[in-house]
Every structure is written in C-alpha cells, then in structure tokens.
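Asks: give me a 3D structure for the following:
(one chain, ligands or ions: 1)
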Amino acid sequence: MKETPVKSRNIKSQLALSIVVVGAGLGGLATAIALASSGHSVTVYEQAAKLGEVGAGIQIPSNSTRLLSRLGLDPYLEKYVTEPEVISFRRWESGDVIGLTRLMPDFRNVFDAPYYVIHRADFHTALHRRALDLGVTIKLASRVTEYNPQGPSILLENGTAVSADLIVAADGVKSVARKMVEEPGQKALEQTGFAAYRATVDVAKMKSDPEISWLLERPSLNIWYQAPSSGHPGSIPMISKLY
Ligand SMILES: Cc1cc2nc3c(=O)[nH]c(=O)nc-3n(C[C@H](O)[C@H](O)[C@H](O)COP(=O)(O)OP(=O)(O)OC[C@H]3O[C@@H](n4cnc5c(N)ncnc54)[C@H](O)[C@@H]3O)c2cc1C
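Replies: Residues are numbered from 1 along each chain as shown. Sure, this is the predicted structure:
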C-alpha cells in the first residue's frame, strides 16, 4: 500500500480538548499551531506585554521545514526566508574554504524539504500569524507563577487561576515548570562559561564595503573556524547568514 505523503496528513482529534500553552516563544507557538490544527482549543499565556523583535539570524534545516510545511506555515514564511546555496567552512585567518556543504538543490532532493535562513523575529511573526489564523488565543502580560498538576491549572501573577484539560509548559530556559518534572537531587543547570554574540549588519553598508561585499554575491552561510591552538581566546565559529 502506498503511504500518504506526510505533507498532506491532517489528523483531527476525535476529542477536542481545552489546552493551555505557557510561553509564546518559537516552541510555544509551534506547539499551539500543531494542537489547534488537530482541532483543539488553545490559549497561550505569555509574560511579555508585547511580542517584539528578539534575536538575529536563525537556520531552519530540512527536518524542521518539513514539519513547518505540514503545519501550514509555507505561505506565512515565504516572504521572509532565504535559501542559501551552500555552507562554506572557512579558515579564520585567510577565509579559504576548507569544507563545503551544498544545500541547493541537494537538500531539497535528498530530504524533500528546503533549508532556510531567516531573521528570528520574522520566524516568530509567521508563527504568530498562523496561530491567530487557526483561532489560537494569545494572552499577553500574563506571567504564570505556579502550576498545579492536580487541576491541572496555572496561577497567573494577577491571582487568576486557569484550568484546562492539558497544560503545556513552553516557558524557555528559565522555566518555572521545570522544577515540577525534575527528579529529586537532579543537578541544576550550570553556566558553561561560554558566550555567544550575535549582530545584524545593514546589507547596504556591506555592499558598499569592498572587503566584505563579496559575501552578498550568492545567498550562502559562512562559518569561520579558529583553531583552538591559534593562541586567540575563545574558539569561534563565526557565522554569516544572509536573509
Ligand atoms: C545564539 C543562538 C543561536 C541559535 N540559532 C538557532 C538556529 O539557527 N536554529 C534553531 O533552530 N535554533 C537556534 N537557536 C535555538 C532557538 O533559538 C531556541 O531553541 C528556541 O528559541 C527556544 O524556544 P522556546 O519557545 O523553547 O523558548 P523561548 O524562545 O525562550 O520562549 C519562551 C517564552 O516563554 C515566556 N515565558 C517564560 N516564563 C514564563 C512565565 N512564567 N509565564 C508566561 N510566559 C513565560 C518567555 O517570555 C518566552 O516568550 C539559537 C539559540 C541561540 C541562543
């Protein structure tokens, strides 16, 4: 029997649940979209008063774009995404290419889904719009202070308790919910001592600088590797994403 292509599957739940998702980040919104697509009634509680521009460039590899496509995101993402042709791994001192991964058309051919780069704020906007179009309710300025697994219910900072059939915590790295699922004696998250710095640069300025304008000739990802033995503090890689 021929298998139904994953893209066209649209499984509706036989039982429509009332579901609360805590956190309107990439994870919370994607979860809300998936649940609403299955016919559930979803409300997202987000502590921020406004969903704003956060982050810089983000890669969406083929395993993710395939899922996003299944969630109906294609028309919401198309105006924001860039499909890089290659990933070039470069020697940090000279810029020489020491490794190359061809993305176009190889990734579409092999994985049947594209590899995108996008600004994180645009990705978030696309997810937000798709969620709203599916009827997801998003409540801003709604910080959750407690979870009650017996309810199940959540308590908001303003004292309001909200119960649902299912509560999904997608509240990020500083999760309030995590302590409820941690095993006793589990090691707390540790600071690694590493830091990642990100910046976005105006394309017009890059085009006018002959030293770096070549980066814009083809949509590509560039990663400069620094050898740990080079005597420079911190090992890069430095990544340039064009989106
Ligand atoms: C430098 C860097 C580069 C990255 N690059 C990539 C990449 O190229 N590709 C990729 O796939 N991933 C990348 N990631 C990872 C990706 O950004 C994260 O995995 C993703 O954003 C996590 O989403 P999230 O929804 O779990 O958490 P978050 O985005 O942190 O969202 C959590 C949300 O919950 C809200 N919240 C928290 N606590 C509460 C509360 N008590 N009540 C109500 N709301 C609450 C927060 O305000 C927030 O909106 C990168 C990460 C970093 C740091």
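
Asks: where along this protein do the helices fall?
Replies: Under the criterion DSSP state H, the chain contains helices at 26-37, 62-70, 74-77, 106-111, 120-133, 178-181, 203-207.

Asks: measure the most centrally placed residue in the chain to the ligand for me?
Replies: The centroid of the chain falls nearest to Leu26 when counting by CA atoms, centre = their mean (4.6 Å). According to CB to the nearest ligand atom, to the nearest Å, Leu26 and the ligand sit 4 Å apart. To be clear about C-beta, it is placed using only N, CA and C from the backbone, and glycine gets the same treatment.

Asks: surely Phe123 is in contact with Tyr76?
Replies: No: contact criterion CB atoms under 8 Å: Phe123 and Tyr76 do not qualify, at 9.6 Å.

Asks: neighbour-wise, which of those two wins?
Replies: In this view Phe123 and Tyr76 are compared by other CB atoms under 10 Å, and Phe123 has more residues nearby, 26 against 21.

Asks: show me the contacts for the residue nearest to that one when sequence neighbours are not counted.
Replies: Leaving out its chain neighbours, the residue that sits closest to Phe123 by CB to CB, 6 or more residues apart in numbering is Ile58, at 6.0 Å. Contacts for Ile58 (CB atoms under 8 Å, 6 or more residues apart in numbering) come out as 117-120, 123, 241.

Asks: please repeat the previous calculation with a cut-off of 10 Å.
Replies: Neighbouring residues of Ile58 by CB atoms under 10 Å, 6 or more residues apart in numbering: 26, 116-124, 198, 241, 243.

Asks: which of the residues you listed lies closest to the ligand?
Replies: Using CB to the nearest ligand atom, the shortest approach to the ligand within these belongs to Leu26, at 4.3 Å.

Asks: measure the closest one to Glu46 for me?
Replies: Distance, Leu26 to Glu46, by CB to CB, to the nearest Å: 12 Å.

Asks: over to Arg198?
Replies: For Arg198, the distance to Glu46 equals 23 Å [CB to CB].

Asks: spell out which residues of this structure are next to the ligand.
Replies: 22-28, 45-48, 58-59, 143-144, 170-173, 176, 196, 198 (CB under 6 Å from any ligand atom).

Asks: out of those residues, which end up buried?
Replies: Neighbour counting with 16 or more other CB atoms under 10 Å marks 22-28, 45-47, 58, 143-144, 170-171, 176 as buried within these.

Asks: restricted to strands, list those.
Replies: Of those, the ones assigned to strands by DSSP state E are 22, 45, 58, 144.

Asks: can you list those in CSV and add pLDDT?
Replies: As requested, those are exported to CSV (pLDDT from 0 to 100):
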residue, pLDDT
Val22, 98
Tyr45, 98
Ile58, 88
Val144, 97
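
Asks: in TSV, list the residues you listed along with distance to Ser153.
Replies: TSV is the format used below for these (distance: CB to CB, whole Å):
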residue	distance to Ser153
Val22	12
Tyr45	12
Ile58	33
Val144	10
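
Asks: which members of the residues you listed are the farthest-apart pair?
Replies: With CB to CB as the measure, no two of these lie farther apart than Ile58 and Val144, at 25.5 Å.

Asks: picking that back up, what touches both of Leu26 and Glu46?
Replies: Common neighbours of Leu26 and Glu46 (criterion: CB under 10 Å, 6+ apart): Ala170.

Asks: mean confidence for stretch 163-175?
Replies: Per-residue pLDDT over stretch 163-175 has a mean of 95.

Asks: can you offset everything so residue one is 529?
Replies: Yep, numbering from 529; the last one is stretch 691-703 now.

Asks: from the chain's centre, how far out does that stretch sit?
Replies: When distances are taken as CA atoms, centre = their mean, to the nearest Å, stretch 691-703 is centred 17 Å away from the chain's centroid.

Asks: then stretch 732-740?
Replies: Distance, stretch centre to chain centre, for stretch 732-740: 29 Å (CA atoms, centre = their mean).

Asks: I am finished for the moment; much appreciated.
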